[in-house]
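Chemist: Sequence first, predicted model second:
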Amino acid sequence: MATLQRNAQKLFYYARNAVRDIAPQALFRRRLAGLLNQARLSDGSVRARLNYYNRLQDAFAPSAGAVPLSRLPRGRSMYYYDLKEFTRYFDPDLRIDLEFGDVVEVPAMPSIVKDRPIAGDNRNGVLFKLNKFRHFHMPADEIAFADKLPVAVWRGELNNPIRTLLLEAARDLPFCDVGTPKPTAAPEYRKPYLSIDQQRRCRYIISLEGNDVATNLKWIMSSNSLCLMPPPTYETWFAESELVADVHYVPLEPDFTDLAERVQYLERHPTEADRIVAAANAYCRKFADERAEQAICLLVLYKYFVLSGQIEPDPEVWRFISG
(Lines give C-alpha, C1' and ligand atoms only; values in the text may rest on other atoms or scores of the structure.)
Protein backbone atom coordinates (compact mmCIF):
# COMPACT_ATOMS: atom_id res chain seq x y z
CA MET A 1 0.00 0.00 0.00
CA ALA A 2 2.83 2.41 0.92
CA THR A 3 4.57 1.73 -2.40
CA LEU A 4 1.37 2.37 -4.36
CA GLN A 5 0.81 5.61 -2.48
CA ARG A 6 4.40 6.72 -3.10
CA ASN A 7 4.09 5.95 -6.82
CA ALA A 8 0.88 7.97 -6.97
CA GLN A 9 2.65 10.88 -5.27
CA LYS A 10 5.46 10.69 -7.82
CA LEU A 11 2.97 10.70 -10.69
CA PHE A 12 1.28 13.77 -9.22
CA TYR A 13 4.67 15.46 -8.79
CA TYR A 14 5.51 15.07 -12.48
CA ALA A 15 2.01 15.93 -13.68
CA ARG A 16 1.88 19.14 -11.64
CA ASN A 17 5.27 20.27 -12.89
CA ALA A 18 4.44 19.41 -16.49
CA VAL A 19 1.34 21.63 -16.25
CA ARG A 20 3.47 24.45 -14.88
CA ASP A 21 5.85 24.08 -17.81
CA ILE A 22 3.13 24.45 -20.44
CA ALA A 23 1.45 27.38 -18.70
CA PRO A 24 2.41 30.89 -19.96
CA GLN A 25 5.55 31.65 -17.97
CA ALA A 26 4.87 35.40 -18.03
CA LEU A 27 2.04 34.75 -15.57
CA PHE A 28 4.56 33.58 -12.99
CA ARG A 29 6.95 36.49 -13.60
CA ARG A 30 4.16 39.00 -13.01
CA ARG A 31 3.68 37.58 -9.53
CA LEU A 32 7.31 37.92 -8.41
CA ALA A 33 7.10 41.43 -6.95
CA GLY A 34 4.02 40.57 -4.92
CA LEU A 35 5.52 37.32 -3.63
CA LEU A 36 8.74 39.09 -2.60
CA ASN A 37 6.74 41.76 -0.78
CA GLN A 38 4.90 39.02 1.09
CA ALA A 39 8.21 37.29 1.86
CA ARG A 40 9.75 40.42 3.38
CA LEU A 41 6.91 40.50 5.91
CA SER A 42 8.03 37.12 7.23
CA ASP A 43 9.60 36.71 10.64
CA GLY A 44 13.28 36.58 11.49
CA SER A 45 13.47 32.81 11.11
CA VAL A 46 12.91 33.16 7.35
CA ARG A 47 15.73 35.71 7.11
CA ALA A 48 18.04 33.53 9.18
CA ARG A 49 17.35 30.49 7.04
CA LEU A 50 17.75 32.22 3.67
CA ASN A 51 21.10 33.65 4.80
CA TYR A 52 22.12 30.22 6.07
CA TYR A 53 21.42 28.63 2.70
CA ASN A 54 22.85 31.56 0.73
CA ARG A 55 25.91 32.74 2.66
CA LEU A 56 27.20 34.94 -0.14
CA GLN A 57 28.03 38.47 0.97
CA ASP A 58 30.08 40.01 -1.84
CA ALA A 59 29.28 40.86 -5.44
CA PHE A 60 30.40 38.35 -8.07
CA ALA A 61 30.02 37.63 -11.77
CA PRO A 62 28.56 34.36 -13.07
CA SER A 63 31.08 32.07 -14.72
CA ALA A 64 31.42 31.59 -18.48
CA GLY A 65 29.61 28.26 -17.99
CA ALA A 66 26.58 29.76 -16.26
CA VAL A 67 23.31 28.76 -17.96
CA PRO A 68 20.28 30.97 -18.68
CA LEU A 69 17.23 30.09 -16.64
CA SER A 70 15.51 29.23 -19.92
CA ARG A 71 18.00 26.39 -20.48
CA LEU A 72 18.29 24.61 -17.15
CA PRO A 73 19.61 21.06 -17.66
CA ARG A 74 16.85 18.43 -17.65
CA GLY A 75 19.08 15.37 -17.23
CA ARG A 76 18.11 14.99 -13.57
CA SER A 77 14.41 15.68 -13.92
CA MET A 78 13.58 16.11 -10.23
CA TYR A 79 16.45 18.54 -9.74
CA TYR A 80 15.26 20.43 -12.81
CA TYR A 81 11.67 20.65 -11.65
CA ASP A 82 12.56 21.58 -8.07
CA LEU A 83 14.67 24.49 -9.31
CA LYS A 84 12.36 25.46 -12.17
CA GLU A 85 9.45 25.70 -9.73
CA PHE A 86 11.02 28.96 -8.52
CA THR A 87 13.27 30.17 -11.33
CA ARG A 88 10.16 30.51 -13.54
CA TYR A 89 9.31 33.64 -11.51
CA PHE A 90 12.49 35.35 -12.76
CA ASP A 91 13.63 36.71 -16.14
CA PRO A 92 14.55 33.64 -18.26
CA ASP A 93 17.70 35.40 -19.49
CA LEU A 94 19.23 35.53 -16.01
CA ARG A 95 22.22 33.21 -15.74
CA ILE A 96 23.05 30.80 -12.97
CA ASP A 97 25.86 28.45 -12.05
CA LEU A 98 24.64 25.14 -10.65
CA GLU A 99 25.77 21.63 -9.83
CA PHE A 100 23.13 18.92 -9.76
CA GLY A 101 23.72 15.63 -7.94
CA ASP A 102 25.94 14.84 -4.96
CA VAL A 103 28.37 17.71 -4.30
CA VAL A 104 31.28 16.63 -2.08
CA GLU A 105 33.42 19.73 -2.63
CA VAL A 106 32.60 23.43 -2.46
CA PRO A 107 32.20 24.81 -6.01
CA ALA A 108 34.86 27.22 -7.31
CA MET A 109 32.11 29.67 -8.28
CA PRO A 110 28.95 30.58 -6.36
CA SER A 111 26.59 27.80 -7.48
CA ILE A 112 23.19 26.36 -6.65
CA VAL A 113 23.69 22.93 -5.05
CA LYS A 114 21.72 20.29 -3.17
CA ASP A 115 24.45 19.82 -0.56
CA ARG A 116 27.82 21.14 0.56
CA PRO A 117 30.53 20.17 3.07
CA ILE A 118 29.95 21.57 6.55
CA ALA A 119 33.59 22.30 7.38
CA GLY A 120 35.48 25.32 6.09
CA ASP A 121 34.35 28.22 3.92
CA ASN A 122 31.39 26.74 2.07
CA ARG A 123 29.64 29.93 0.98
CA ASN A 124 30.06 29.20 -2.75
CA GLY A 125 27.69 26.29 -2.25
CA VAL A 126 24.29 27.99 -2.29
CA LEU A 127 21.88 25.42 -0.88
CA PHE A 128 18.54 24.86 -2.56
CA LYS A 129 15.71 22.42 -1.86
CA LEU A 130 16.58 19.96 -4.63
CA ASN A 131 15.51 16.33 -5.05
CA LYS A 132 12.96 17.07 -2.34
CA PHE A 133 10.61 14.24 -3.33
CA ARG A 134 13.27 11.80 -2.15
CA HIS A 135 14.96 13.72 0.63
CA PHE A 136 11.95 15.36 2.27
CA HIS A 137 9.67 12.35 2.42
CA MET A 138 8.57 12.43 6.08
CA PRO A 139 5.50 10.18 6.52
CA ALA A 140 3.54 10.23 9.77
CA ASP A 141 4.50 7.69 12.43
CA GLU A 142 1.67 6.35 14.62
CA ILE A 143 3.78 4.09 16.88
CA ALA A 144 4.98 5.58 20.17
CA PHE A 145 8.64 5.13 21.09
CA ALA A 146 7.77 2.91 24.07
CA ASP A 147 5.72 0.58 21.84
CA LYS A 148 8.53 -0.05 19.37
CA LEU A 149 10.95 -2.97 19.35
CA PRO A 150 14.13 -2.40 21.44
CA VAL A 151 16.27 -2.82 18.31
CA ALA A 152 18.78 -0.64 16.44
CA VAL A 153 18.22 -1.00 12.70
CA TRP A 154 20.04 0.09 9.54
CA ARG A 155 19.66 -0.75 5.86
CA GLY A 156 21.48 0.75 2.90
CA GLU A 157 24.13 0.43 0.25
CA LEU A 158 27.76 -0.12 1.18
CA ASN A 159 28.94 2.95 -0.74
CA ASN A 160 30.99 4.39 2.10
CA PRO A 161 33.64 2.69 4.31
CA ILE A 162 31.86 3.88 7.45
CA ARG A 163 28.86 1.74 6.54
CA THR A 164 30.95 -1.41 6.34
CA LEU A 165 32.55 -0.42 9.63
CA LEU A 166 29.10 -0.31 11.25
CA LEU A 167 28.28 -3.82 10.03
CA GLU A 168 31.54 -5.11 11.45
CA ALA A 169 31.05 -3.34 14.79
CA ALA A 170 27.43 -4.46 15.19
CA ARG A 171 27.82 -8.03 13.96
CA ASP A 172 27.75 -9.61 17.43
CA LEU A 173 25.38 -7.17 19.13
CA PRO A 174 22.08 -8.99 19.73
CA PHE A 175 19.96 -5.81 19.69
CA CYS A 176 21.21 -4.77 16.21
CA ASP A 177 19.56 -5.54 12.89
CA VAL A 178 21.95 -3.98 10.36
CA GLY A 179 22.84 -4.97 6.84
CA THR A 180 22.40 -4.34 3.13
CA PRO A 181 19.79 -5.92 0.85
CA LYS A 182 22.16 -5.69 -2.13
CA PRO A 183 22.71 -9.21 -3.55
CA THR A 184 26.25 -8.28 -4.63
CA ALA A 185 27.38 -7.67 -1.03
CA ALA A 186 29.37 -10.23 0.94
CA PRO A 187 27.05 -12.86 2.49
CA GLU A 188 27.85 -11.80 6.05
CA TYR A 189 26.59 -8.27 5.30
CA ARG A 190 23.32 -9.17 3.57
CA LYS A 191 19.96 -8.70 5.25
CA PRO A 192 16.42 -8.61 3.80
CA TYR A 193 15.06 -5.31 2.54
CA LEU A 194 13.06 -3.31 5.09
CA SER A 195 10.64 -0.54 4.16
CA ILE A 196 10.48 2.74 6.05
CA ASP A 197 7.44 1.48 7.96
CA GLN A 198 9.25 -1.72 8.90
CA GLN A 199 12.31 0.16 10.12
CA ARG A 200 10.15 2.55 12.15
CA ARG A 201 8.89 -0.38 14.22
CA CYS A 202 12.29 -0.22 15.93
CA ARG A 203 13.16 2.26 18.67
CA TYR A 204 16.57 3.12 17.24
CA ILE A 205 17.42 3.83 13.60
CA ILE A 206 21.00 4.47 12.57
CA SER A 207 21.67 7.18 10.00
CA LEU A 208 24.89 7.10 8.00
CA GLU A 209 26.18 9.36 5.26
CA GLY A 210 26.72 7.70 1.89
CA ASN A 211 27.95 9.57 -1.17
CA ASP A 212 27.11 12.75 0.71
CA VAL A 213 24.28 13.28 3.22
CA ALA A 214 22.23 10.49 4.79
CA THR A 215 18.97 10.19 2.85
CA ASN A 216 17.11 8.57 5.75
CA LEU A 217 17.89 11.30 8.29
CA LYS A 218 14.76 13.37 7.64
CA TRP A 219 12.23 10.56 7.94
CA ILE A 220 13.98 9.20 11.02
CA MET A 221 13.90 12.55 12.81
CA SER A 222 10.25 13.10 11.90
CA SER A 223 9.32 9.67 13.30
CA ASN A 224 8.90 8.47 16.88
CA SER A 225 12.10 6.45 16.60
CA LEU A 226 15.41 7.78 17.86
CA CYS A 227 18.15 8.76 15.41
CA LEU A 228 21.66 7.48 16.15
CA MET A 229 24.52 8.74 13.97
CA PRO A 230 28.05 10.11 13.87
CA PRO A 231 28.02 13.93 13.58
CA PRO A 232 27.23 14.91 9.96
CA THR A 233 29.90 16.27 7.62
CA TYR A 234 27.57 17.44 4.80
CA GLU A 235 24.50 19.64 4.87
CA THR A 236 21.45 20.24 2.69
CA TRP A 237 18.28 22.32 2.96
CA PHE A 238 17.71 20.31 6.15
CA ALA A 239 20.58 22.33 7.70
CA GLU A 240 22.36 19.33 9.20
CA SER A 241 25.05 21.50 10.81
CA GLU A 242 22.30 23.03 12.99
CA LEU A 243 21.54 19.66 14.58
CA VAL A 244 22.81 19.37 18.15
CA ALA A 245 24.12 16.09 19.53
CA ASP A 246 22.09 14.73 22.47
CA VAL A 247 19.37 17.27 21.65
CA HIS A 248 18.15 16.26 18.18
CA TYR A 249 19.99 12.94 17.79
CA VAL A 250 22.23 10.55 19.72
CA PRO A 251 25.86 10.87 18.58
CA LEU A 252 27.98 7.82 17.81
CA GLU A 253 31.74 7.53 17.59
CA PRO A 254 32.96 7.09 13.99
CA ASP A 255 34.11 3.54 14.85
CA PHE A 256 30.80 2.71 16.62
CA THR A 257 32.57 1.44 19.74
CA ASP A 258 29.98 3.25 21.88
CA LEU A 259 26.90 1.84 20.10
CA ALA A 260 26.08 -0.76 22.77
CA GLU A 261 26.67 1.71 25.60
CA ARG A 262 24.41 4.32 23.99
CA VAL A 263 21.51 1.95 23.42
CA GLN A 264 21.79 0.41 26.89
CA TYR A 265 21.72 3.87 28.47
CA LEU A 266 18.63 4.88 26.51
CA GLU A 267 16.85 1.67 27.42
CA ARG A 268 17.42 2.55 31.08
CA HIS A 269 16.40 6.20 30.57
CA PRO A 270 13.32 6.24 28.30
CA THR A 271 12.38 9.80 29.29
CA GLU A 272 15.71 10.95 27.88
CA ALA A 273 14.90 9.16 24.63
CA ASP A 274 11.42 10.75 24.54
CA ARG A 275 12.96 14.20 25.00
CA ILE A 276 15.30 13.75 22.03
CA VAL A 277 12.52 12.37 19.83
CA ALA A 278 10.33 15.37 20.68
CA ALA A 279 13.14 17.83 19.85
CA ALA A 280 13.80 16.06 16.55
CA ASN A 281 10.11 16.19 15.64
CA ALA A 282 9.99 19.91 16.45
CA TYR A 283 13.04 20.53 14.27
CA CYS A 284 11.31 18.85 11.33
CA ARG A 285 8.05 20.75 11.63
CA LYS A 286 9.38 23.98 10.14
CA PHE A 287 9.89 22.24 6.80
CA ALA A 288 6.14 21.58 6.62
CA ASP A 289 5.34 25.31 6.47
CA GLU A 290 4.89 25.61 2.71
CA ARG A 291 4.45 29.37 2.76
CA ALA A 292 7.76 29.88 4.55
CA GLU A 293 9.52 27.29 2.36
CA GLN A 294 8.38 29.05 -0.82
CA ALA A 295 9.40 32.47 0.51
CA ILE A 296 12.87 31.21 1.42
CA CYS A 297 13.37 29.54 -1.98
CA LEU A 298 12.48 32.76 -3.82
CA LEU A 299 14.68 34.89 -1.53
CA VAL A 300 17.67 32.56 -1.90
CA LEU A 301 17.50 32.99 -5.68
CA TYR A 302 16.77 36.72 -5.45
CA LYS A 303 19.85 37.27 -3.29
CA TYR A 304 21.94 35.26 -5.77
CA PHE A 305 20.78 37.36 -8.72
CA VAL A 306 21.27 40.66 -6.88
CA LEU A 307 24.83 39.82 -5.78
CA SER A 308 25.66 38.57 -9.27
CA GLY A 309 24.70 42.01 -10.61
CA GLN A 310 21.79 40.76 -12.68
CA ILE A 311 18.94 42.34 -10.68
CA GLU A 312 18.66 45.82 -9.23
CA PRO A 313 17.44 45.18 -5.67
CA ASP A 314 14.16 46.46 -4.36
CA PRO A 315 15.17 48.56 -1.30
CA GLU A 316 12.56 47.05 1.02
CA VAL A 317 13.23 43.46 0.02
CA TRP A 318 16.98 43.96 0.27
CA ARG A 319 16.60 45.58 3.69
CA PHE A 320 14.75 42.48 4.84
CA ILE A 321 17.46 40.19 3.47
CA SER A 322 20.28 42.24 4.99
CA GLY A 323 18.58 42.53 8.36
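Modeler: That came in fine, so what should we check first? Residues are numbered from 1 along each chain as shown.
Chemist: what about the helices in the stretch 151-300 of the chain?
Modeler: Secondary structure of the stretch 151-300 of the chain (DSSP state H, counting those that start in this stretch): helices located at 161-170, 196-199, 217-221, 259-268, 270-285, 290-307.
Chemist: Ranking the ones you listed by mean neighbour count, which comes first?
Modeler: helix 217-221 (a mean of 25; mean count of other Cβ atoms under 10 Å). Every C-beta, even on glycine, is put in place using the N, C-alpha and C of the backbone.
Chemist: Packing partners of it?
Modeler: With contacts taken as 3 or more Cβ pairs under 8 Å, 6 or more residues apart in numbering; DSSP states H and E, helix 217-221 sits against strand 226-229, helix 270-285.
Chemist: Who are the packing partners of the shortest one?
Modeler: Using 3+ Cβ pairs under 8 Å, 6+ apart, the elements in contact with strand 226-229 are strand 202-206, helix 217-221, strand 250-251, helix 259-268, helix 270-285.
Chemist: With distance to Pro139 and mean pLDDT added, can I get the ones you listed in CSV?
Modeler: CSV is the format used below for those (distance: least, Cβ to Cβ, whole Å; pLDDT from 0 to 100):
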stretch, distance to Pro139, mean pLDDT
strand 202-206, 14, 98
helix 217-221, 7, 97
strand 250-251, 22, 98
helix 259-268, 24, 97
helix 270-285, 12, 97
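Chemist: Walk me through the domains of this structure.
Modeler: 2-135+289-322, 145-286 (automatic domain parsing).
Chemist: quick one: buried residues of the lengthiest helix in the chain?
Modeler: Counting residues, the longest helix in the chain under DSSP state H turns out to be helix 2-22. Using 16 or more other Cβ atoms under 10 Å as the test for burial, helix 2-22 gives 13, 17.
Chemist: Quick one: low-confidence residue ranges for this protein.
Modeler: Within the chain, the segments meeting pLDDT under 70 span 1-2.
Chemist: Looking at the helices of the stretch 151-300 of the chain, which is nearest to Phe28?
Modeler: helix 290-307 (10.9 Å; Cβ to Cβ).
Chemist: same for the closest one, what does it pack against?
Modeler: Under the contact definition 3+ Cβ pairs under 8 Å, 6+ apart, helix 290-307 sits against helix 32-39, helix 44-53, helix 77-87, strand 125-127, helix 315-322.
Chemist: most tightly surrounded among these?
Modeler: Highest mean neighbour count among the helices and strands packed on helix 290-307 (mean count of other Cβ under 10 Å): strand 125-127, with a mean of 24.
Chemist: For whichever helix or strand comes after that one, which helices and strands make contact with it?
Modeler: Beyond strand 125-127 in the direction of the C-terminus, DSSP states H and E gives the next helix or strand as helix 132-135. In terms of contacts (3+ Cβ pairs under 8 Å, 6+ apart), helix 132-135 is packed against helix 2-22, helix 77-87.
Chemist: Including distance to Glu209, could these go into JSON lines?
Modeler: JSON lines is the format used below for the helices and strands packed on helix 132-135 (distance: least, Cβ to Cβ, whole Å):
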{"stretch": "helix 2-22", "distance to Glu209": "23"}
{"stretch": "helix 77-87", "distance to Glu209": "20"}
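Chemist: CSV for the helices and strands packed on strand 226-229, including distance to Ala61?
Modeler: Converted to CSV, the helices and strands packed on strand 226-229 look like this (distance: least, Cβ to Cβ, whole Å):
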stretch, distance to Ala61
strand 202-206, 44
helix 217-221, 35
strand 250-251, 41
helix 259-268, 49
helix 270-285, 37
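Chemist: Quick one: closest of those to Ala146.
Modeler: Short answer: helix 270-285, nearest of the helices and strands packed on strand 226-229 by Cβ to Cβ, at 6.4 Å.
Chemist: Give me the residues contacting the closest one.
Modeler: Under the criterion Cβ atoms under 8 Å, 6 or more residues apart in numbering, residues 138, 145-146, 203, 218, 220-222, 224-227, 243, 246-250, 265-266 lie in contact with helix 270-285.
Chemist: buried subset of the residues you listed?
Modeler: 138, 145, 203, 218, 220-222, 224-227, 243, 248-250, 266.
Chemist: So for Val103, which of the helices and strands packed on helix 290-307 sits nearest?
Modeler: strand 125-127 (6.5 Å).
Chemist: any chance you could map the strands in the stretch 51-200 of the chain?
Modeler: Under the criterion DSSP state E, counting those that start in this stretch, the stretch 51-200 of the chain contains strands at 67-68, 95-96, 98-99, 111-113, 116-117, 125-127, 149-155, 176-179.
Chemist: wait, doesn't Lys84 sit right on Asp21?
Modeler: Yes. If you go by Cβ atoms under 8 Å, Lys84 and Asp21 touch, sitting 7.4 Å apart.
Chemist: thinking again about what came up before, with Glu188 as the reference, name the closest of the helices and strands packed on helix 290-307.
Modeler: That would be helix 77-87 among the helices and strands packed on helix 290-307, by Cβ to Cβ, at 34.9 Å.
Chemist: just checking, what packs against the closest one?
Modeler: On a contact count with 3+ Cβ pairs under 8 Å, 6+ apart, helix 77-87 meets helix 2-22, helix 132-135, helix 290-307.
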